[in-house]
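> Sequence first, predicted coordinates after that:
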Amino acid sequence: MTNREDPTLLEERRPEDEVGEEDVREAEIEHLDEDDRLTREFVEAVRDAVYEGDEERVQELVEPLHPADIADLVELVPAEERPALGKAIAELMTGEVISELNEHVRDELFEDLSADAVAQIAEQMETDDAVAMIEDMEEAEQRAVLAELDPEDRAAIEDALSFPEESAGRLMQRDLVAVPEHITVGNLIDYLRDNADLTTEFWEVFVVDPAHRPVGTCQLSWILRTPRSVPIADVMKRDQTLIPATMDQEEVALRFQKYALISAAVVDAGGRLIGQITADDIVHIIQEEAGEDALLMSGAGEGDINQPIRQSYSERVRWLIANLGTALIASLIIAMFGAAIEKLVALAVLMPIVASIGGNAGTQTMAVAVRALAMNQLTQSNTVRVLWREMRVAMLNGVTVAALIGGATAFIFQPMLGVVIAVAVVINIITAGLAGVAVPVIFDRLDQDPAVASSVFVTMITDSMGFFAFLGLAVASGLVS
């Protein structure tokens, strides 16, 4: 879920904020702005009602909201006010709302709840949402909550937890409609109408063989437009995309995107139908994976503003320390040319430009490579071609930027120094293009996330090469005697 927190909403109340409070109560308060975000006025009105203990007013304000907006409201108020808000809107805190909450905010709210209370919430949720909630708990808490669940729900959740994290088995929904292929369209329609226990949200019916292996699918639109006497086997689509339960959720999302799927069957190791994944689940996965890659490239950890400070600190400081180590390598190269820099101060003025341009070029190429790897566009079959493409782009960029910086340097300082910095820029940008592709690909070949630490290594390479090329060429050209 997209976080919509506005820092201004977290300010302490000032005495003047309470002026005109009665007028606010009487006025019609807009819930959402033009971007579908909760307005400051609405959030403040809710906070005021909670502060005064007016639960009736709180419920009156919050009840019209969509579950996702109620979850946003809980996230927008300060942490110390959330328990009081949660108590005031307890009847509105349904499973749908809980499933939309940020996991850190949800954990805070659950701290004082009993295992039985958490179990009651889980029973209101879809199986995949309940699994997402319970899998984040400590093992002892998981056991306590599972023990309070209805046996059928407990079995479904325990089965889901047996699959690897971030796999299709944890993502899938157990509720689906599956029928044998020997029935007619009329039989199917009667079956759907007569069985009240069937799931009410589905886009297609899965057709299975006697061993419960999927043999085809039939969209609801086909069922509604086909005469009752026609066998399902004659209208179903036999070609379908089957998702192994152990498949990583990122790969699942790629298959949905590639084949334009609305839903897909999930099968176990024996090929038997055990669940389905729908497009609404995939939207969250695509957003989550895209954000995760961007954060990993920056070394920002989860990058969640609701994450505890200690956890954010531990995730970020590791990469800063690693960056410190790689920066020392560049510093050692500068130290090698310390005497030359002392004789020609212009070198100290210009060398950050060479490193900075190379770093930016490397970041551009690396972002393209990481995205291509994530989208399965960059594979072993086209790595060389992509590398050559990026090298050509780097050459064009290098020549263009080198002409600009070289001309300016020649005009301000001296012609030879302009030539030196121009050549150094070309070398560094080409190096950046090579590193920007090679580093993520190497990580991928080692079965590591290509976004992890790529930026640290690419920056080290471009900084080191930039300083070495510029200072080395300056000495070799005789600028420094």
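Noted; the coordinates are in hand. Numbering: from 1, shown residues only.
> and the residue nearest to the spatial centre of the chain, what element?
Central residue of the chain (C-alpha atoms, centre = their mean): E288, 2.0 Å from the mean position. E288 belongs to helix 279-298 when assigned by DSSP states H and E.
> For the following helix or strand past that helix, list every residue counted as buried.
Along the chain past helix 279-298, the next helix or strand (assigned with DSSP H and E) turns out to be helix 309-336. Residues 312, 315-316, 319, 323, 326, 330, 333-334 are the ones in helix 309-336 that count as buried (16 or more other C-beta atoms under 10 Å). Quick note: C-beta positions are derived from backbone N, CA and C, even for glycine.
> Save the residues you listed as JSON lines, and put in pLDDT too.
Listed next are the buried residues of helix 309-336 as JSON lines, based on pLDDT from 0 to 100:
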{"residue": "S312", "pLDDT": "76"}
{"residue": "E315", "pLDDT": "73"}
{"residue": "R316", "pLDDT": "74"}
{"residue": "W319", "pLDDT": "73"}
{"residue": "N323", "pLDDT": "76"}
{"residue": "T326", "pLDDT": "77"}
{"residue": "A330", "pLDDT": "84"}
{"residue": "I333", "pLDDT": "89"}
{"residue": "I334", "pLDDT": "88"}
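> Give the burial count for E100, as a bare number.
20 (other C-beta atoms under 10 Å).
> Could you check how far the closest residue to it other than its chain neighbours is from D463?
On the basis of C-beta to C-beta, 6 or more residues apart in numbering, the spatially nearest residue to E100 that is not a chain neighbour turns out to be A71, at 3.7 Å. From A71 across to D463, the span is 43 Å (C-beta to C-beta, to the nearest Å).
> And these two? Which one has more around it.
Neighbours were counted for A71 and for D463 using other C-beta under 10 Å; D463 has more, 26 against 23.
> Any stretches of the stretch 301-450 of the chain with poor pLDDT?
301-305 (pLDDT under 70).
> Which residue ranges of it form helices?
309-336, 338-343, 345-374, 383-412, 415-445 (DSSP state H, counting those that start in this stretch).
> other SSEs contacting the third one?
Same thing as helix 345-374. helix 279-298, helix 338-343, helix 383-412, helix 415-445, helix 454-476 (3 or more C-beta pairs under 8 Å, 6 or more residues apart in numbering; DSSP states H and E).
> buried residues in it?
So helix 345-374, judged by 16+ other C-beta under 10 Å, has buried residues 346-347, 350-351, 353-355, 357-359, 361-374.
> Over to the second one?
For helix 338-343, burial by neighbour count (16+ other C-beta under 10 Å) applies to 340-341.
> for it, packing partners?
By 3+ C-beta pairs under 8 Å, 6+ apart, helix 338-343 packs against helix 345-374, helix 454-476.
> Then the longest one?
For helix 415-445, the elements it packs on are helix 345-374, helix 383-412, helix 454-476, judged by 3+ C-beta pairs under 8 Å, 6+ apart.
> can you give me the angle it makes with helix 454-476?
On the basis of axes from the mean of the first three to the mean of the last three C-alpha atoms, to 10 degrees, helix 415-445 is oriented at 150 degrees to helix 454-476.
> From the chain's centroid, how far away is helix 415-445?
30 Å (C-alpha atoms, centre = their mean, to the nearest Å).
> for stretch 383-391, same thing?
In terms of C-alpha atoms, centre = their mean, the centre of stretch 383-391 is set 28 Å apart from its chain centre.
> how about it: buried residues?
Quick answer for stretch 383-391 (16+ other C-beta under 10 Å): 383, 386-387, 390.
> In JSON lines, list the residues you listed along with distance to Y51.
Shown next, in JSON lines, are these (distance: C-beta to C-beta, whole Å):
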{"residue": "T383", "distance to Y51": "60"}
{"residue": "V386", "distance to Y51": "58"}
{"residue": "L387", "distance to Y51": "61"}
{"residue": "E390", "distance to Y51": "57"}
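> Nearest to M416 among the residues you listed?
E390 (30.8 Å; C-beta to C-beta).
> how near is the closest one to S455?
Taking C-beta to C-beta, one finds E390 at 16 Å from S455.
> next one: M375
Counting by C-beta to C-beta, the gap from M375 to S455 is 19 Å.
> which one of these two has more residues nearby?
More crowded of M375 and S455, by other C-beta under 10 Å: S455, with 24 against 13.
> Report the secondary structure element holding D69.
D69 belongs to helix 67-76, assigned by DSSP H and E.
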